[in-house]
Structures are given as structure tokens and as C-alpha cells.
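1. okay, predicted coordinates and the sequence, questions at the end:
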Amino acid sequence: MTAVLGTMLPGVPLLFGLAGLLLPPGDAAEPAPGGRPRSAGEPGRRPAAALGIAGAAISFAVTVFLLAVVEDPIEGGIRWIRFGDLDVTLTFSAGVAALYVALAVCAVSLAVQIYSVDYLHDDPRYAPYAAQVSLFTGAMLLVVCAGDLILLLVGWEVMGICSYLLIGHDRRLPEAPAAAVKAFLVTRVGDVGFLLGVALLGVDAGTFRIEEVLAHDYDAGTLTAALVLILAGVAGKSAQFPLHTWLPDAMAGPTPISALIHAATMVAAGVYVVFRLFPLFTRSPAALAVLGVMAAITVLLGALSATAQDDLKRVLAWSTVSQIGYMTGALAVGSPAAALFHLLTHAAFKALLFLAAGAVIHTVGTNYLSRMGGLRHAMPVTFWSFVIGLGALAGVPPLAGFWSKENVLVAAAHATDGGEPTPAWVAWLVWIAALVGVLITAWYATRLLLRAFFGPSREWSADGPDWEVGFDDARYSPPRAPHDPPGLMRWPILSLAVPSALLGLAAFAPGFRTALELEQPHLDVAVILPLVLLVAGAGTAWWLWRAVPGVDPVLALGRAQPVLANGFYLDTLQHLLVVRPVRALASSLKLVDERVVDATVEGTGAATTRAGTLLAAAHQAALPRAAVAVFTGALLLGVAAAIYGVAS
Amino acid sequence: MHAVIPYVIAALLFGLGVYGVLRRRNAILVLMAVELMLNAVNLIFVTADVTTAAAAPHAGAVFALFVIVLAAAEVGVGLAIVLQLYRLRKIVAVDEVMLEAAPRDEPGQAVR
């Protein structure tokens, strides 16, 4: 019974997603009778919306039911295929912790599906969009529930293709296709490592079942190699330091997709995989050290880059990079529970922030903070959602982010004492980076809030905003005045605000704590340091903004601003070091193909034709010449026969 | 009679035939030269039949009969071809026959 339900969990969204792909796209391209474009609720879109929402809702209900019923981890599966003496099984195994992650995925996906109905109300390609969101959700649930590394890999790859499709969804945007290709290729680089790592683990253990892989006794070298390879895939999917460049560009996708990718599915997958394989990581300090260094760099890089962005969504994107750094940092210092807790709270508040940002973009018609301001009175619901979300992001005490971040910091501080599998210097690195991250996070969160919602409203003319709509990922006529979003968009935001505010208190619930193996939260003197840093960061931003009202606090950064705004020019570096050499190689290969391989083939044909023409001309002889040739031939044969006869 | 005499005569006849085939321009004369060669061979067959002890008696004579029949048929076909050639091109000189295909008229141009 539970095994069937466990199979349904990823199966339903996957099936509904595949069914949704069969629906005719472009339902809104042909206007409804009357000439206006079809809107939500009209027959063309209703099946697509119903399939998408039903898929997420059924999964959500199943997860809630399983959480209520199940005590022990669900197991179940069949053998799928046999490669030589390697079994690949279709195994679903979900512990209670996995079910909590699945719950977060389903909740965010449900919110995103409902939100998208209104947000993409006149998108001509809504049906494939909703189906792809379902597929994306199903793939993530597959990763969460997989009991077999190959099955996990399948979900992992389906997510890759879904992210590609969804980021490139809006074909009117010039940057969308490039961003989609970039996301696909950068994560692919990591996925090669992931695939090799999985193969190494599975072949060495003789099975791909995660339970048996975790129990297998690897030798140290193999284990470290396999784990570092897997970390490459994790870095790609979870946007960790060397492979993070795709995430800010992925903002070209529609805003609900950003919420889905950042909160629930794509970037969480990497962290979840490390969590799942964590018993192996504890046996390999080298892999943990790599993870820790990666996390420390990512936390600071993401936070610093977020300070100088002018694009609302890019601020949030960089903050995701930094927050995922916290999770991998927690894993690196040997506290998977803290990582998972932060993953859950982050899923709540980042989904809230992105959906609220979508509401802002929807009403203002631009992403640029420099064109917002003073929205507080016009859109109170969105404003308070942002306050809750940013508070949770920065770690303001009663909100969700505070508790989970506190857990990460405590774990890191604890690991600095040594005695853990993690080297102490890595723990120090993670701890310091996390503390500095708190300071910077508070700074940019405050700046974002002040720039968007406070200060003078950058004036609206009588016909709405007097700038052109730069980033319309859902086409709409610019509104005459900013307003709160309509109901279908408002309710997902409001329902996500609740866990963003209160999920942290779940750490006090014993059931939740045992599921995650989380420690009892203890508020001692150690809590003061991050709080001081939080106040310092937020206070600095506020003071800078207050000193010269209406001026971006980022100007205080001076010359560092362009460096930070460009993410330390890592994109340029990547372009120089990877993209251009690869392009040069590709064009030279193309040249070789055209000039050598093609030329050989075509040259063979041309030479044969020419030789044939010559022979044909030689054959066109008049009778005298032909007779001479015949007799000459006969003579030669006779002479040859004579010589042969004499010789023998 | 010594057996060398018919052999030499046959060789001379064959050489005469070769010369005729190579040098004559008139198609009918070329055909006649071919007949000469065939008959040279016939002569050799008959001579060999009577002068050598063959495994199968009179095999040479039988082959000579075959060759005569073949030559008759060949001349029939050859003369027919020559006549047809003469009707089409008004020539019987073998080195004036054009071997390149005449450019075919385009259908559209033919109507015009």
C-alpha cells in the first residue's frame, strides 16, 4: 500500500506532465470569438491548467498522507534490467526526511502551478509550460524518492532538460535561448562528473541500490575520486562556485519558474543528493574539504554579487547561490540535518520571494530596482510578503531562516573543535564565511526592500510607467497604477508566507526533529554574534539610504560596484577560458570536416566520373581504329602465348 | 602434296583478310575481307583433318561446315546493317560513320 503510494508520488506528476505535453499548444494564439486573446478559464487552457494543478495536488495529498501514516522508511521496488552482473532496480525508498523534502517540493510546485495560471494568463504556449512544470516536479520527486542511483540519475537528467525548456520558454526575449543553452551546458559539465561518479560507486559496489552502496566498504582512493566526481554534478545543479554562472542568467525564464528552480527542484537536488550519500562523505575528509571550500567561496561570492545587482530577480538569484552555499557548508561540517532544515526553510521563503517578485514585476512592468520605489502603499500584501521573505532570508529571529541558519552556524562552530570527519580548518572557513554571509545578506536584503518599497515612487505618468516595458515575461498592458496581484496569484503568495514565517518553529516539534535528526535548538550566547552582524548589515544599508534618501546604497561601494554587479567577472573569465577555446576548436573541426573528410568523399566521386568520361571517349572509336585495336590485342596475345610456349 | 602448301596459302589468305579489314574503307569490302579470314581458317581445319591423326575423326571437316554456316549468317546480318546505314546516312565508308550521338532536339523546340 505505502509502496504503491510511494511510487505514485513521482509517478503522478510525470504521467500528468507527459499527458499535458500532448495537449495542443498555442491555444491562445488563435483569439477566442470576439477577437480578444483567450484568458484563464476558457476552454483552451482549462485542461492544461487542470492537469498541472491536479498533478501537484495529488502528489501533495499523497505526501501528507504518507507523512501521517508512515513511521519507517518506505521501501519497494522491482528489478528493472541487468547489465552483465550489475542489477539496476526500480526502487523507491523514502525516509521521513525525504518525505519532508517531497512535501516542500509538492507545496512549492502546487503554488507555482496555481500562480502561473494568472501570471501567464495570455501566454500562447501555456499548455506545454504547465506540462513541463509537472515533469520538472515529477523528476525532482523521483530524485527524492529514488532508492537506486540509476533511477536518481534519470530524475536528475529529466530535470536538466526541463530546466532548459522552461528557462527558454519565453521566445520573445532575446536572452532567453542563450540563457537556456547556458544553463543546460554548464550543468551538463557537472553531470558528466556525476555520471562517472555514480558509475564508479555502482561498479565498485556491484550494485546501484543506495542502501547497499552506503554499506559497501570502498577503499579510500576510489571513494574520494567518486565523491569528488559527484560533487562536480552537485556543483552544476546546485550552482556552486565554479559552475554557478548559469543561475543568474536563468532569470530569463518566467518568474514562477525561477521560484520552482530556486526553491524546490533544481538547486535543491544537488544538496539532497549529498544528504542522501552523506554516510559515504563522512568516510572521506578530502571530499568534505572540497565541499567546504566550495561552500565558503559560494556563500561569499553569491552574497557579494547580490549587493550590487539592479535587477530584482538577479538579487534573489545571487542570494540563492549564497544560501545553497550555506546548505553545502552545513553538509561539509558534518551536519546534514542542518542542511536539510535550511533547504526546507529556504524552499519556503525563496518561493515566497520569487512569487512576490513576480507580483511586483507583473504590476510595474520591469525588473529594475532603479525603476521601482514607493510600492509599499500601493501593494501592501506584496510588501508584507517581501518583509517576511527577506526577513527569513536575512535570518531575523522568529522567522524561518533564523532557526535554520542558526543551526548551520552552530554546526560549523561545533566542527571547529575538531574530532569530526571534517578537517578543522574547513570548519573555520565555513564558519567565518557563513558569519560574513549573514552580514552581507542583511545588507542586500535591506537594500532590496528599501529600493523597491520605500522612498519616492519613481513617478507614473498618466498612462502608466513612462519607460518601455523591458522584461515582459508575461505580456500585459502596463497598469495605470501599481496594485496587488489578482486572487490566483495572491493566495499562493499568502500561503507560502505562513511557512516562511513559522517553519523555523518546527525545530521545536519532536517529531520533525527526529525525522531530520536535528538537534534541540538552544539559544545561548553564540546567537548574539550573528544577530549583531545582522543588525550591523541591515543598519548600514538603512543608514546609507537614510543619509541620502532615494539614492541607491550601492553607491557606497564605489569602484567595487561594477565588479560585484558582474559577479566578479567570472562570466567573462568563463567566456575567455572555456567558451572561446571550445568555439575555436569547434570551428577548426568543422574546417577539417569540410576540407578533409568531405573533400575526400566528394573527390572520390569526382575522380571516378572524370575517369569514366575519359574511358567513354576512348571507347568511341570508328571501325578502323577498333579493328586495329582488336588485331593488336590478338597479336600481343599470340606473342605472349608464343613466348610462354618457348619458355616452358 | 605436302601439307605445308595449304597452311601457307591459309596464312596468306588470313593476312590478306587482315589487311583488307584494316585498310579498306568500304564496308562491303571489309565484310569480304572478313570472309577471306574465315575461309583461311576453314582451309586450316580441312587440312588438319586429313593430315593429322585426330582423336575424333572428321572433326575438322565438321567445324568447317559450322564456320561456313556461321559465315553465311554473318554476311546476311552484316549486309543488312550496311544497307540500313546506307539508307540512313548515304555512306558506306566505315571511317565516316559518326559515333557521337547527334544532339537530340528539345521537345519544345520540335513543336516550334
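-> Sure, I can see it.
2. so what pLDDT did whatever residue of the stretch 251-400 of chain A ends up closest to chain B get?
-> Among the residues of the stretch 251-400 of chain A, A:Ala252 lies closest to chain B, at 57.8 Å counting by Cβ to the nearest Cβ. To be clear about C-beta, it is placed using only N, CA and C from the backbone, and glycine gets the same treatment. What the model reports as pLDDT for A:Ala252 is 82.
3. contact partners for the residue in chain B that chain A sits nearest to?
-> Closest to chain A within chain B is B:Val94: 4.0 Å, counting by Cβ to the nearest Cβ. By Cβ atoms under 8 Å, 6 or more residues apart in numbering or on different chains, the contact list for B:Val94 reads A:622-624, B:24-27, B:30.
4. these, buried ones only, as a PyMOL selection?
-> For the buried members of these, the matching PyMOL selection, counting by 16 or more other Cβ atoms under 10 Å in any protein chain shown, is:
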select buried, (chain A and resi 623+624) or (chain B and resi 24+27+30)
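5. redo the contacts of B:Val94 as CSV? Include pLDDT and secondary structure.
-> Listed next are these as CSV, based on pLDDT from 0 to 100; DSSP: H, G, I helix; E, B strand; the rest coil:
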residue, pLDDT, secondary structure
A:Ala622, 74, coil
A:Leu623, 76, helix
A:Pro624, 77, helix
B:Arg24, 86, coil
B:Arg25, 85, coil
B:Asn26, 89, strand
B:Ala27, 88, helix
B:Val30, 90, helix
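6. out of the contacts of B:Val94, which one sits closest to A:Thr298?
-> Set against A:Thr298, the nearest of those by Cβ to Cβ is A:Ala622 (87.2 Å).
7. any idea how many residues pack against the nearest residue to A:Lys237 once chain neighbours are set aside?
-> Excluding the flanking residues, the one nearest A:Lys237 by Cβ to Cβ, 6 or more residues apart in numbering or on different chains is A:Gly270, at 4.1 Å. For A:Gly270, the neighbour count with other Cβ atoms under 10 Å in any protein chain shown is 28.
8. quickly find the element holding A:Gly270.
-> helix A:266-276 (DSSP states H and E).
9. grab the nearest non-local neighbour of the residue in chain A positioned nearest to chain B.
-> Going by Cβ to the nearest Cβ, chain B is nearest to A:Leu623 of chain A, at 4.0 Å. Sequence neighbours aside, B:Val94 is the residue nearest to A:Leu623 in space, at 4.0 Å (criterion: Cβ to Cβ, 6+ apart).
10. residues of chain A that sit close to chain B?
-> Taking Cβ under 8 Å from any Cβ of the partner chain as the contact definition, chain A meets chain B at A:620-624, A:627-628, A:631.
11. could you redo the last one with a cut-off of 6 Å?
-> A:620, A:622-624, A:627 (Cβ under 6 Å from any Cβ of the partner chain).
12. tell me the two of those that are most distant?
-> Of all pairs drawn from those, the widest gap by Cβ to Cβ lies between A:Gln620 and A:Ala627 and measures 14.8 Å.
13. the two - which one has more neighbours?
-> A:Ala627 (20 against 12).
14. any idea which element the more buried one lies in?
-> helix A:623-647.
15. and for that helix, what's in contact with it?
-> With Cβ atoms under 6 Å, 6 or more residues apart in numbering or on different chains as the test, helix A:623-647 has contacts from B:21-22, B:94-95.
16. what's the mean pLDDT across the longest helix along chain B?
-> Counting residues, the longest helix in chain B under DSSP state H turns out to be helix B:59-89. Mean per-residue pLDDT for helix B:59-89: 91.
17. buried ones in it?
-> Under the neighbour-count criterion of 16+ other Cβ under 10 Å, helix B:59-89 has B:60, B:63-64, B:67, B:71, B:75, B:78, B:82, B:85 buried.
18. re the thing from before, now the helix holding A:Ala627: buried residues?
-> A:623-624, A:627.
19. please apply the same query to stretch B:6-25.
-> Across stretch B:6-25, burial judged by 16+ other Cβ under 10 Å covers B:6, B:10, B:13-14, B:17-18, B:20-21, B:24.
20. among the residues you listed, which ones are in helices?
-> Under the assignment DSSP H, those contribute B:6, B:10, B:13-14, B:17-18, B:20-21 to helices.
21. from the residues you listed, which single one is nearest A:Arg209?
-> Checking those against A:Arg209 by Cβ to Cβ gives B:Val21 as the nearest, at 89.7 Å.
22. understood, closing this out.
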